Each structure stands twice: as structure tokens, then as C-alpha cells.
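A.B. asks: Predicted coordinates and the sequence they were generated for:
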Amino acid sequence: MTPARAKVMSDLVEPFTVRARLTGEDHNVRFSHLFSAVATRHSDTIDCKFLVNGRGVVVALAHPAFVEFRRRAGHSFSDEETARIAATYLRECLEADRDTDRTLLTVPADEVLRLAEKLGLAH
């Protein structure tokens, strides 16, 4: 019997391509990993790293949103849901040609909660 293949973190979000509405530029995006920035950057965020056309971009999700979501929903975001929220935010920025040259995008708590609702996670 062959053991099941372990799921790697980079598989949490399928690679995707985003076309910027204004410039028509294509951005090839691949999820890399997520980690708590409290320990690494002394930031109150959960960081999700992506490669956009090979360049590293970190989407920093405000941790207070995780606490508020848990209070409202009675459960926490999974790693996959966290990665999907970050990917959705990054997609919106790239489509709107917003902050495309930055390597760190900080997402405030209200935006994290908006994205969770948009993805149907708020139930």
C-alpha cells in the first residue's frame, strides 16, 4: 500500500493569472507559504507569500480580523481559507493596477473580513 502524498503548503492555492484592466499586463501568481509575522517581523499579521511573475510579494493579513472572525463565526480560518483570502486581495490589487510594485501589502482587519464574506467564509 502506497502512503498518501503529503499536501504541501504551496498547493493551498492553485496558480493563477491576472490581467491588469488598465495596462493589459498579465501577472502569473503562485502561492508559496503562510506564516505568523508576529515572530518573524514582530507584526500583528498572518503573512502569505506569493510569487508574482517570479517576484516575492507578501500579503499581510491583520490578525485582529482572525480574532473577530472566530468570535462571530465560532471557528477559526483554516490555512487554506487564509491563503484564499490573501490571494483574493492580491488578485484585486493586480487587476486594478494597485500597489503592483510593492513587495509587502498590508490588509486591514475590515478588509480581511470583507474578503471572507465575499468568499462565503462568514458562515
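C.D. replies: Structure's in. What do you need?
A.B. asks: hey, where'd the helices end up in this protein?
C.D. replies: Ranges of helices within the chain are 37-40, 63-73, 79-95, 109-118, based on DSSP state H.
A.B. asks: how about the longest strand along the chain: buried residues?
C.D. replies: Ordering each strand of the chain by length in residues (DSSP state E) puts strand 26-36 first. Within strand 26-36, the residues that count as buried by 16 or more other CB atoms under 10 Å are 27, 29, 31, 32, 34, 35. Any C-beta I mention is one placed from the backbone N, CA and C, and that applies to glycine too.
A.B. asks: what angle separates it from helix 79-95?
C.D. replies: Angle of strand 26-36 versus helix 79-95, following axes from the mean of the first three to the mean of the last three CA atoms, to 10 degrees, is 140 degrees.
A.B. asks: isn't residue 57 right up against residue 102?
C.D. replies: Yes. With contact defined as CB atoms under 8 Å, residue 57 reaches residue 102; the gap is 7.4 Å.
A.B. asks: what sits against the most centrally placed residue in the chain?
C.D. replies: Among the residues of the chain, residue 86 comes closest to the average C-alpha position under CA atoms, centre = their mean, at 1.6 Å. If you count contacts by CB atoms under 8 Å, 6 or more residues apart in numbering, residue 86 has them with 34, 48, 50, 59, 61, 107.
A.B. asks: Which of the residues you listed ranks first by neighbour count?
C.D. replies: Counting neighbours by other CB atoms under 10 Å, residue 48 comes out on top of the contacts of residue 86 with 30 neighbours.
A.B. asks: Does it have any beta-bridge partners, and if so which?
C.D. replies: According to DSSP bridges, residue 34, residue 59 are recorded as the beta-bridge partners of residue 48.
A.B. asks: Report the separation between it and residue 84.
C.D. replies: Plainly put, residue 48 is 9 Å away from residue 84 if you go by CB to CB, to the nearest Å.
A.B. asks: Many thanks, we can stop here.
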